[in-house]
Structure formats: C-alpha cells, structure tokens
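# A predicted structure for the sequence below; I have some questions about it.
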Amino acid sequence: MALKCFVLPNEKNKEARIAAVQAHLRETLGNDALVIEPGHKGHLVVNGGEKSLYVSIAPAGEKMLAAIKETPVGIDGEYLRAFDGKRIDFGLLAERFFSGEEAEYVRDGDTTADERERFLKIWTRKKAYIKFTGKTVAEFPNFSVVDGDKMLAKVGSATIRKFSMNFEGNEDYLFAIAGV
C-alpha cells in the first residue's frame, strides 16, 4: 500500500484520536475487524487486515492528519494560529530543545515571526522523525534537521520533508513527514 493520508476533526485526547482514525479506516477500507494497537518502539499498528499497516497521527488545532503505510511513518503538525498574540522566546526554546546548529538557525530569523516559523519547521520535522524511528523528544539535541540555512532532506537513512494536504484552512497549518 502506498502512503495514504487523511484529515479528520481533532479529538480531545490520544485515545479518542486513535478511535476516530480506526473508525475512519474501518469505514474507508470496509473492514470492521481493523484495530489500531501499540507496536514496536511506540509505533501504532493497524491489525486485522491482509497485512499490518503503520499509522502516525498528528493532532494540530482543530484538525488531525493521519498517515498510513506498510512501513513505519512519522507525521507531525502545528496549527500556526495557536501562537498568534503569544510572547514566546523561540530562540530560548531552541537552545533548550535543539542542537546548537538548529538553535542558531532559529536565532538567525530577522523577526519574531521568522524565529517562530524557523522553530516550528524544525519542531515538526524532529517530531515526525522521532515518530518514524520510535525515539523520544529527549533525543532532540542529539540530531539535527538543518545544515546551515537549509532543511535536510534526510537524517541518517530517514527522509524528512514538508508535507501538505488540501483542506479548508490548510494555510494555517505546518506539517512534516518522515519515512516516505
């Protein structure tokens, strides 16, 4: 199965999100036996079909994006308007959570909006990568998704890229995907 992605309304907690994705898959694939379960390294696995599938869910604002594939996949997203009007020091956050090179990339933004955009580009790529690999946020400082002033297309053997889908309001979201 090639990569399949879909957008659903976001749910209030992890269990409700998994249940909504499971219900969507059952309906879309016409198989009421499908069940989403925890797998190896924290991956979510869809069982009950011809073969197991991996699923990654990215809740962001009022939407959640789900990616389904036969091999591990990681997706993450942020709702950009959630940061409007908030005074957040993205440079300081980058120093705390990112590699030195990534923190420098964030601080090199010309305005607060630039710093926010740079921070979120890194954040979503790193989260997509850890969802793909099964690592944790504690690993964030140990790898970089930037090289100077550009985003890397690969970390190790994992591809990471910006991801977009066409839905109403999509310009207010930033998504990244790893493993495709």
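Right, received. Where do you want to start?
# Would you mark the buried spots in the longest helix that the chain contains?
Longest helix in the chain by number of residues, with DSSP state H as the criterion: helix 112-133. Within helix 112-133, the residues scored as buried using 16 or more other Cβ atoms under 10 Å are 115-133. The C-beta positions use only the backbone N, C-alpha and C, and glycine is treated the same way.
# Could you look up the next helix or strand downstream of that helix?
As assigned by DSSP states H and E, the chain's next helix or strand after helix 112-133 is strand 146-147.
# What's the first helix or strand after that following strand?
Moving toward the C-terminus from strand 146-147, the next helix or strand (DSSP H and E) is strand 150-151.
# Let me know the next secondary structure element after that next one.
Downstream of strand 150-151, the first helix or strand assigned by DSSP H and E is strand 154-155.
# Give the rounded mean pLDDT of that following strand.
Averaging pLDDT along strand 154-155 yields 94.
# repeat for stretch 136-143
91.
# List the buried residues for that stretch?
Result for stretch 136-143 [16+ other Cβ under 10 Å]: buried residues 140-141, 143.
# any idea which element residue 110 lies in?
Applying DSSP H and E, one finds residue 110 in no helix or strand.
# hmm, I was thinking of residue 75
Using DSSP H and E, the secondary-structure element containing residue 75 is strand 74-79.
# Which strands and helices lie in contact with that strand?
If you count contacts as 3 or more Cβ pairs under 8 Å, 6 or more residues apart in numbering; DSSP states H and E, strand 74-79 packs onto strand 53-60, strand 63-69, helix 112-133, strand 173-178.
# Check the offset of the longest one from the chain's centre.
This points to helix 112-133. With Cα atoms, centre = their mean, to the nearest Å as the basis, helix 112-133 stands 9 Å off its chain's centre.
# Pairing partners for the residue nearest the centre of the chain in the sheet, please.
The residue lying closest to the centre of the chain (Cα atoms, centre = their mean) is residue 76, at 1.0 Å. Per DSSP bridges, the residues bridged to residue 76 are residue 176.
# so it makes contact with residue 127?
Yes - taking Cβ atoms under 8 Å as the definition, residue 76 is a contact partner of residue 127 at 3.6 Å.
# Overlap of the contact sets of the two?
residue 176 (Cβ atoms under 8 Å, 6 or more residues apart in numbering).
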